[in-house]
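Asks: Return atomic coordinates for the entry below.
(3 chains)
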Amino acid sequence: MKTDDFTIRVYTLLHAIPAGRVTSYGGLAAMAGHAGRARMVGAILRRLPPGSHLPWHRVVTASGKPAFPAGSDAFNQQKGLLEAEGVVFAGARVNLKVFGWQP
DNA sequence: TAATTGACCGGAG
DNA sequence: ACTCCGGCCAATT
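Replies: Numbering: from 1, shown residues only, chains lettered A, B, ... in the order given. I've put the predicted structure just below:
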């Protein structure tokens, strides 16, 4: 069994995101060569294979907000990790014009 | 096997 | 700024 190329690209791109930067689900899907499959990126991160150290916290929605309800554990964790890398939150949101990343 | 769900997105009202 | 809607398509029920 061979992991899909799409999945491989998503992992590679995710790993290529520098600390202190974020990218969106849709953007990641587009960079991986499959624009329109933002939900698949979400599905991949949701089901991360055990043992992977992917920086999932550097991925936010196209609005610049974490994909979790504000106040949830995952939300707070993601926010904390990003702030520790230098990303500034404006409320529950990140300014993609400043912190958004693309190769 | 069919229906539902979902770490999404962009446009419209 | 917010809600609603259609499109996307694999994993789950």
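Asks: Tell me, how many residues neighbour A:Phe68?
Replies: Under the neighbour criterion other C-beta atoms under 10 Å, A:Phe68 is assigned a count of 16. In short, each C-beta sits where N, CA and C put it, glycine included.
Asks: Please report how far A:Gly71 lies from DNA strand C.
Replies: Separation of A:Gly71 from DNA strand C (C-beta to the nearest atom of the strand, to the nearest Å): 14 Å.
Asks: Now that residue: which helix or strand?
Replies: With elements taken from DSSP states H and E, nothing contains A:Gly71; it lies in neither a helix nor a strand.
Asks: residue ranges with poor pLDDT in chain A?
Replies: Of all residues in chain A, those with pLDDT under 70 make up the ranges A:1-2.
Asks: redo that, cut-off 80
Replies: Applying pLDDT under 80 to the predicted model, the residue ranges of chain A that meet it are A:1-3, A:49-51.
Asks: which residue is nearest the centroid of it?
Replies: The geometric centre of chain A, computed from its C-alpha atoms, lies nearest to A:Val59 (C-alpha atoms, centre = their mean), at 1.4 Å.
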